[in-house]
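>>> Return a 3D structure for these sequence lines:
(2 chains)
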Amino acid sequence: NAGVTQTPKFRILKIGQSMTLQCTQDMNHNYMYWYRQDPGMGLKLIYYSVGAGITDKGEVPNGYNVSRSTTEDFPLRLELAAPSQTSVYFCASSYSGGLDEQFFGPGTRLTVL
Amino acid sequence: TQLLEQSPQFLSIQEGENLTVYCNSSSVFSSLQWYRQEPGEGPVLLVTVVTGGEVKKLKRLTFQFGDARKDSSLHITAAQPGDTGLYLCAGDNNAGNMLTFGGGTRLMVKP
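Below is the predicted model of the structure:
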């Protein structure tokens, strides 16, 4: 199993550009999550999904959109990139929510200039 | 919003020393998890504690969940350079669908 994979690893965007961060998991997990981690800080939840076709906002959803058309994929879309979105983005998955262990991808480092 | 505060934010110690890091909240959590994150990687789960007063040991790491389930601590005995990393605590929001993460403690263990 590859676990949770994320692409790209690094990206530089100009203000106002858009992009999609890709996330795929091969563990047949129901729950998937997107977090952002600012330098030296903990993780903040952007969006999560409890299954295909179901998504919900986390703590910091503004400026982002998600979709979950399949169990495996959970892309994160930035429509109009802003410098405040410069961060490291982590995708994670778990079989169920709550106590269940979350497995994290390696992250995407995004810089908006 | 449930908040988790971790202290200290930074800790630099010599190999062989003991240390304790803390995770505190004014809210009650149904469970609490500790993760370790190494540079350039995602966090990896170390332990989950679910019962007030619970103590779990993982080799040289001892985790404790407070009696009131509002706080937790991580104690490392005889720290080694391989323990270097960012330690994150995360609490279940009682709805069972998301975790709230603390800001982390960045630990450096010097040889």
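>>> Please list all residues in contact with the residue in chain B positioned nearest to chain A.
In chain B, no residue comes nearer to chain A than residue B:42, which is 2.8 Å away by CB to the nearest CB. Just so you know, the C-beta spots here come from the backbone N, C-alpha and C atoms, and that holds for glycine as well. Residues near residue B:42 by CB atoms under 8 Å, 6 or more residues apart in numbering or on different chains: A:4, A:90, A:92, A:104-107.
>>> go on, residue A:43?
A:35-37, A:90, B:43, B:88, B:90, B:101.
>>> other SSEs contacting the helix-or-strand element of chain B with minimal mean pLDDT?
Within chain B, no helix or strand scores below strand B:99-101, which has a mean of 88 by mean pLDDT, DSSP states H and E. Counting contacts by 3 or more CB pairs under 8 Å, 6 or more residues apart in numbering or on different chains; DSSP states H and E, strand B:99-101 packs against strand A:43-51, strand B:85-92.
>>> Please identify the most buried of those strands.
Mean neighbour count (mean count of other CB atoms under 10 Å in any protein chain shown) peaks for strand B:85-92 among the helices and strands packed on strand B:99-101, with a mean of 24.
>>> for that strand, what is the average pLDDT?
Throughout strand B:85-92, pLDDT has a mean value of 93.
>>> can that strand be found next to chain A?
Yes - for strand B:85-92 and chain A, the contact criterion (CB under 8 Å from any CB of the partner chain) is met by B:88, B:90, B:92.
>>> per-residue pLDDT, residue B:2?
On the pLDDT scale, residue B:2 gets 66.
>>> er, residue B:10 I mean
With respect to pLDDT, residue B:10 has a value of 96.
>>> How about residue A:42?
So residue A:42 comes in at 85 (pLDDT).
>>> Contacts only, for it.
Residue A:42 neighbours (CB under 8 Å, 6+ apart): B:4, B:6, B:88, B:101-104.
>>> 6 Å - rerun?
Contacts of residue A:42 were listed using CB atoms under 6 Å, 6 or more residues apart in numbering or on different chains, and they are B:88, B:101-104.
>>> Quick check: the gap between the residue in chain A that chain B sits nearest to and residue B:15.
Chain A approaches chain B most closely through residue A:104 (2.8 Å), counting by CB to the nearest CB. To residue B:15, residue A:104 is 28 Å away according to CB to CB, to the nearest Å.
>>> So the two - more neighbours on which side?
Using other CB atoms under 10 Å in any protein chain shown, the more surrounded residue of residue A:104 and residue B:15 is residue A:104, with 23 against 13.
>>> so where does the spatially most central residue of chain A fall, helix or strand?
For chain A, the residue sitting closest to the mean C-alpha position, by CA atoms, centre = their mean, is residue A:34 at 2.9 Å. Assigned by DSSP states H and E, residue A:34 belongs to strand A:31-37.
>>> and that strand, what does it pack onto?
Where contact means 3 or more CB pairs under 6 Å, 6 or more residues apart in numbering or on different chains; DSSP states H and E, strand A:31-37 is packed against strand A:43-51, strand A:87-94.
>>> Redo those strands as TSV? Include distance to residue A:72.
Formatted as TSV, the helices and strands packed on strand A:31-37 follow (distance: least, CB to CB, whole Å):
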stretch	distance to residue A:72
strand A:43-51	12
strand A:87-94	9
